[in-house]
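[1] Provided below are the primary sequence and the corresponding predicted coordinates.
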Amino acid sequence: MTDKPGSTPEDETRGLAFASYGLMKALLDALEQKAVLSGQEVQAVFDAALTALEHRAQDPAIDIARRLIEGAVITRSASRREGPAD
């Protein structure tokens, strides 16, 4: 047995959001590194995702999704300004 407390529905939702974010970011990074997608094409994916969220009924889940994607865009922009790490 474990003394670990059970998760709440909010914990599960947050976990799914972060898992989806991590998978999406890793996949897009890999596609760009392998030159399957250009930087502009990756940005277009983010833009399309944000546009799709804008056209949905707005609720807390959509707000969280939008913030995760916007965070990925900001992180990507900052890392591109810093240049590749050697």
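    Ah, there it is.

[2] Break down this structure into its helices, ranges please.
    Under the criterion DSSP state H, the chain carries helices at the ranges 9-33, 39-54, 60-82.

[3] The second one versus helix 9-33: what angle between them?
    Read it as helix 39-54. For the pair helix 39-54 and helix 9-33, the angle between their directions (axes from the mean of the first three to the mean of the last three C-alpha atoms, to 10 degrees) equals 150 degrees.

[4] counting contacts, what elements does helix 39-54 pack onto?
    helix 9-33, helix 60-82 (3 or more C-beta pairs under 8 Å, 6 or more residues apart in numbering; DSSP states H and E). C-beta here means a position set from N, CA and C on the backbone, and glycine is covered the same way.

[5] closest to residue 41 out of those helices?
    Among the helices and strands packed on helix 39-54, helix 9-33 comes nearest to residue 41, with 8.1 Å by C-beta to C-beta.

[6] residue nearest the centroid of this structure?
    Centroid-nearest residue in the chain: residue 21, 3.6 Å away (criterion: C-alpha atoms, centre = their mean).
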